Each structure stands twice: as C-alpha cells, then as structure tokens.
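Chemist: Sequence and predicted structure, then a few things I'm wondering about:
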Amino acid sequence: KFPERVTIKMIDGKRIKGWFTEDFTLAEIKTLRAKERLNFRSHAIDGTQEILTLQEVIDIAKKATKETGRTIGIYPETKHPTYFRSIGLPLEETLVKILKENGYDDPKAPCIIQSFEYQNLQNLRKMIKTPIVFLMEEAKDQPYDFVVKGDPRTYGDLTKPEELAKIAKFANGIGPFKRLIVPQNADKTLAAPTTLVADAHKAGLMVHPYTFRNEASYLAPDYKNDPIAEYLQFFKLGVDGLFSDFSDTAVKARDLYLQGK
C-alpha cells in the first residue's frame, strides 16, 4: 500500500529506503496489516492483524491480567529517540504521559521501559518511576546518542564494572546482546562466558539478554540444534529474564531449569 510514499531518509547515520511512521496518520497506519518478516517462519496469519497503538497493547495486557489472574506486563522500547527528537517528535514525553495515565508510574509497575540509547533513559528516569533497562548491541557498536555527541565509548566499553555502576544510577537492568555474555568464536562455536552477568548483579542491575530463537540458523553448533540447551546455559549463568521469539519454548526451558534439569 501507499507505493507513492516510499522515500529515503538518514536514520541513525544510515541511509534507509522505505516507509516511515512519521509520514502517515494513525488512520492510514490502521489500514495496514502485519505479516511475518522472515520467509522461513509460518505465514498462517499474515494479513489478519492490524498495527496496535501502545494504549491498545496496555488494554490487552490489563484484560489478560484480569482473565488469567496473573500479572501480564508490558515492555515498551523507545526506538531511535535521537532521530525522532531531531524531527520534532520526541518519544519520551508522550510515552510518560500514556504510562502515567495507565498507572505505571511506580517502581513495582508491571512495565519496563527499554532503549539502546543512553541519554533518553537518563531523561526518563527523571520523568517517571517505572523500571528501566538499557539495551546493549554488539561490543563494537555505539549508542547513537554517543555518536552524535562524539562520545567514543562502545557497548563493549559499557560492560565494564565502572560503567555498569554509572548505568545503575538511572536503570534497573541491562538487556545485552547474548554474545556479550557468551561470545562466539570465528567458527561460530562458543567461547567461555564473560563476567557480565555477575558484574551487572554486583552493580545492582538485572540482566535480560536477547534474542532467543528456535531455528538452527540462529543456534551455535554447540547446542546441536536444541534451543532448550541455549536457554538452560543462560539460566545457569544467572540471567534474570530474556527476550524470545518463541515464548512457549522459553517457558518450557525455564520450567526445566527450575526442576534442576
């Protein structure tokens, strides 16, 4: 849809061709339907689901909490906050307004705000009491707000104990790329785990690595095509939670871990 609206923009220093949310009204976005982006995954429900607003996600979570008797949380991410602020569409104020209206302005709220950028999380800490997690990409990469400011630190630098202590002043946890915890060698086999989980815990930070997947193409040879083996390794290393594309597999692995398997 909207073939005439395709354009090219510079996003976080990268030239990207496509369609961009800021060029559409919500009414136009609501005419679109979601589809699975990866060809090797099921496309059974392609075209059946509309794009949800944050408020709609919150409504679903609250309804599910009542229906199941379990606390169903949300984990919103501020994506490209430096870019959106540069075009006059800052994310932080709008996010805080919606979360406060829904009762999430509390350290124990079933909500965690996440971002790959540093400064926007520092700003959010001053605006709301909701738990915060600082996401970390590959060691060689940098938060884009660091790039803009000329700060030379990389995500790898930010895993050092002294930097984790600084992060703990505004965040409740980190969400590292899982290879920052269990690196891979050039031949894709696994190297010895780092001390990141222990170092983060020492700083008072919880650890939620990403992203766990079932497909063999995403698994190191050491796991012998068994995604459960990967989950169990990370649970045994002490992570407090994780991001998964297959929540049923993640829950099965968690249950096995709690059973001492």
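Modeler: Everything's here; your move.
Chemist: And stretch 159-178, end to end?
Modeler: 12 Å (Cα to Cα, to the nearest Å).
Chemist: before we move on, what about stretch 108-123?
Modeler: Stretch 108-123: ends 19 Å apart by Cα to Cα.
Chemist: just how off-centre is that stretch within its chain?
Modeler: Relative to its parent chain, stretch 108-123 has a centroid offset of 10 Å by Cα atoms, centre = their mean, to the nearest Å.
Chemist: residues in contact with it?
Modeler: Applying Cβ atoms under 8 Å, 6 or more residues apart in numbering, the contact partners of stretch 108-123 are 61, 65, 71-79, 81-82, 91-92, 95, 99, 103-104, 124, 128-137, 143-146, 170-173, 175. All C-beta atoms are positioned from the backbone trio N, CA, C, and that covers glycine.
Chemist: And for stretch 26-42?
Modeler: For stretch 26-42, contacts defined as Cβ under 8 Å, 6+ apart pick out 1-2, 21, 43, 46-51, 53, 215, 217.
Chemist: Now with 10 Å, please.
Modeler: 1-2, 5, 19, 21, 24-25, 43-53, 213-215, 217, 245 (Cβ atoms under 10 Å, 6 or more residues apart in numbering).
Chemist: Please pick the buried ones from those.
Modeler: Buried residues within these, defined by neighbour count using 16 or more other Cβ atoms under 10 Å: 24, 213-214.
Chemist: mind listing the helices for the stretch 151-261 of the chain?
Modeler: Here the stretch 151-261 of the chain has its helices, by DSSP state H, counting those that start in this stretch, at 161-167, 196-202, 227-236, 247-258.
Chemist: Quick check: mean pLDDT of the second one?
Modeler: It refers to helix 196-202. The predicted model gives helix 196-202 an average pLDDT of 98.
Chemist: follow-up on the earlier one: any of the contacts of stretch 108-123 buried? List them.
Modeler: For the contacts of stretch 108-123, a burial check counting by 16+ other Cβ under 10 Å picks out 61, 74-78, 81-82, 91-92, 95, 99, 104, 124, 128, 130-137, 143-146, 170-173, 175.
Chemist: now, which of those lie within helices?
Modeler: The members of the buried ones among the contacts of stretch 108-123 that map onto helices under DSSP state H are 61, 81-82, 92, 95, 99, 124, 144-146.
Chemist: Residue 232: which of those is nearest?
Modeler: Nearest to residue 232 among those, counting by Cβ to Cβ, is residue 61 at 28.2 Å.
Chemist: Nearest residue to the closest one in space, ignoring adjacent ones along the chain?
Modeler: residue 72 (4.6 Å; Cβ to Cβ, 6 or more residues apart in numbering).
Chemist: Reformat the buried ones among the contacts of stretch 26-42 as JSON lines; add pLDDT and distance to residue 30.
Modeler: Listed next are those as JSON lines, based on pLDDT from 0 to 100; distance: Cβ to Cβ, whole Å:
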{"residue": "24", "pLDDT": "98", "distance to residue 30": "10"}
{"residue": "213", "pLDDT": "97", "distance to residue 30": "30"}
{"residue": "214", "pLDDT": "96", "distance to residue 30": "31"}
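Chemist: For the residues you listed, give me JSON lines that also has distance to residue 160.
Modeler: Formatted as JSON lines, these follow (distance: Cβ to Cβ, whole Å):
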{"residue": "24", "distance to residue 160": "41"}
{"residue": "213", "distance to residue 160": "28"}
{"residue": "214", "distance to residue 160": "33"}
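Chemist: ok so, going back, out of the helices of the stretch 151-261 of the chain, the one nearest residue 154 is which?
Modeler: From the helices of the stretch 151-261 of the chain, taking Cβ to Cβ, the stretch that ends up closest is helix 161-167, at 10.3 Å.
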